[in-house]
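>>> below: sequence and its predicted model.
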Amino acid sequence: MSDFLKSLTARDPGEKEFHQAVKEVLETVQPVLDRNPEYRQAAVLERITEPERVIMFRVPWMDDQGQVQVNRGFRIQMNSSIGPYKGGLRFHPSVNLSILKFLAFEQVFKNALTTLAMGGGKGGSDFDPKGKSDNEVMRFCQGFMSELFRHIGPDTDVPAGDIGVGAREIGYLFGIYKKLRYEFTGVLTGKSLGWGGSLIRPEATGYGNVYFASEMLATKNDRLEDKTCLVSGSGNVAQFTVEKIIELGGKVVTLSDSSGYIFDEAGIDREKLAFVKRLKNIRRGRISEYIDKYSEAVFTEVDTTLDFNPLWNHKAHCAFPSATQNEINGKDAQNLVNNGIKLISEGANMPSTPEAINIFLDKKLLYAPGKAANAGGVAVSGLEMAQNSMRLNWPREEVDARLKMIMRSIHQTCLDAAAEYGMPGNYMAGANIAGFVKVVNAMLDQGLV
Ligand code: NDP
């Protein structure tokens, strides 16, 4: 195994996030490989870590000053053995091949866990929508899609949103796709309700994560009611995580963005959450503005000289990291433990570093990796695809009931797989093993392609 990782690292030396994601999966699927020597003979590791296709392209666009700007666009078509490629688009200046390959790799396993027929992909650009006008965002989206449209389609590859890609961007991307293709299809998910979107899709990742956390607590005869919770981020995933926690009687005391975090000891209630939604989704403001309205809360600016994030250093029962990768390091994990944390459920993708995960597993905390806990988003994207194909819209209650059922099923699948391979209660091992076995078996069934 370590030989395999060495050669993977040597092949693409700069891709540290991708190596981190692969290492985590490979370490936990070792018992599966030991039990199934035919997997090694079929070189499944070499095949599953190599994208089926990587598309990289130039995106020239014009800003409001008439200046030409150039960004880089990507789509990683990682694995299509159980369905069309499916996974979000991220627009953020940090985007590069390593980050998108890690996200696409994670997506393959996540999608396999959802019970729906979806392969894994991911894409995006180093374009930063922050501070851009709507017209600039539209022109960028049109430039981006004027290349990507050749490579995607409702039965080929169905992108969705991720960091920096919300309802506005999906609208612009869909509009230009429709014009170029001369057809109206379900090629993107996360569409607005009036033109093909699914009820509960905006809520799905956050709600799904809280459903998953509730399932974990139920294994200890516990529930979210009266629990103090730390949530990071203040975007799509964070907002609906907070909404569901409030509904289930928990108390959320933090939210953040890339400038810093707010701590509101009294708890973020429905009214305060509505303010955050307006602030972030309509005014596109900063989380620091929360304290202008709610002066009892405290804002702490990001301090890059610290080797820990003070957001994770408050007394709480549950943590829901919902911003970005590697936002909880070993020190943060230790701070969480010292403050009595009992549960960590990842809304973001790979928010915990390997050191942090080791601490959570060591302490036998309820720890759910993103590929299981945040799978509700892509699951409801799958339901949006199903509704588009049928040209029907399911009511809110039906989609929510299906989401709950899927999260319950993922939770059980993780527990069963972990127990089968001698690691009871280890959700990370369970998620990796269950996803791996399903995808690898499909790959073997389909021969060398
Ligand atoms: P949004 O763009 O809506 O929100 C992202 C939030 O995280 C913002 O508050 C943003 O702050 C903050 N953030 C982003 N990058 C950084 C950074 N480098 N440091 C600190 N804060 C940062 O994205 P989503 O809510 O959709 O996504 C959040 C996470 O959830 C991501 O990891 C994504 O991959 C994952 N995810 C999302 C799904 C979805 O359905 N949307 C599905 C599954 C996983 P700022 O505004 O300052 O940048």
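Done, it's in. Numbers count the residues shown, from 1 in each chain.
>>> how about the closest residue to the ligand within the chain: what's its closest non-neighbour residue?
Ranked by C-beta to the nearest ligand atom, the top residue of the chain for proximity to the ligand is G235, at 1.9 Å. In short, each C-beta sits where N, CA and C put it, glycine included. Nearest non-adjacent residue to G235, counting by C-beta to C-beta, 6 or more residues apart in numbering: K280, 6.5 Å away.
>>> does the one you found touch Q239 like I think?
Yes. Applying C-beta atoms under 8 Å, one finds K280 in contact with Q239, separated by 7.1 Å.
>>> number of nearby residues for N281?
17 (other C-beta atoms under 10 Å).
>>> tell me who's in contact with the nearest residue to it once chain neighbours are set aside.
Once flanking residues are discounted, N281 sits nearest to G166: 7.2 Å by C-beta to C-beta, 6+ apart. Going by C-beta atoms under 8 Å, 6 or more residues apart in numbering, G166 touches G190, G235, N236, N281.
>>> correct me if wrong, but the first one is in a strand.
No. Under DSSP: H, G, I helix; E, B strand; the rest coil, G190 sits outside any strand and is assigned coil.
>>> which ones are touching F109?
Shown in contact with F109 (C-beta under 8 Å, 6+ apart): V25, G120, K371, A431, N432, G435, F436, V439.
>>> let me have those residues in JSON lines, adding neighbour count, secondary structure and pLDDT as columns.
Converted to JSON lines, the contacts of F109 look like this (neighbours: other C-beta atoms under 10 Å; DSSP: H, G, I helix; E, B strand; the rest coil; pLDDT from 0 to 100):
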{"residue": "V25", "neighbour count": "24", "secondary structure": "helix", "pLDDT": "97"}
{"residue": "G120", "neighbour count": "30", "secondary structure": "strand", "pLDDT": "98"}
{"residue": "K371", "neighbour count": "30", "secondary structure": "helix", "pLDDT": "98"}
{"residue": "A431", "neighbour count": "30", "secondary structure": "helix", "pLDDT": "98"}
{"residue": "N432", "neighbour count": "28", "secondary structure": "helix", "pLDDT": "98"}
{"residue": "G435", "neighbour count": "29", "secondary structure": "helix", "pLDDT": "98"}
{"residue": "F436", "neighbour count": "24", "secondary structure": "helix", "pLDDT": "98"}
{"residue": "V439", "neighbour count": "21", "secondary structure": "helix", "pLDDT": "98"}
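>>> ok, which of the residues you listed also contact the ligand?
Subset of those in contact with the ligand: empty, counting by C-beta under 6 Å from any ligand atom.
>>> between those, which sits nearest D226?
Among the contacts of F109, A431 lies closest to D226 (C-beta to C-beta), at 28.2 Å.
>>> that closest one against P369, yeah?
Yes. Between A431 and P369 there is a contact at 5.5 Å, judged by C-beta under 8 Å.
>>> can you pull the contacts of Q142?
Q142 is in contact with W61, Y172, I176, counting by C-beta under 8 Å, 6+ apart.
>>> which of the residues you listed sits closest to A333?
A333 lies nearest to Y172 out of those, by C-beta to C-beta, at 39.0 Å.
>>> and the spatially closest residue to R201 that is not a sequence neighbour, helix, strand or coil?
Leaving aside its chain neighbours, R201 sits nearest to V380 (4.9 Å; criterion: C-beta to C-beta, 6+ apart). Here V380 is helix, with the state taken from three-state DSSP.
>>> next up, the contacts around V380.
S198, I200, R201, A204, G208, V399, R402, L403.
>>> let's verify the residue nearest to E15 when sequence neighbours are not counted: helix, strand, or coil?
Counting by C-beta to C-beta, 6+ apart, the nearest residue to E15 once its immediate chain neighbours are dropped is S98, at 3.7 Å. Put simply, S98 is helix when judged by three-state DSSP.
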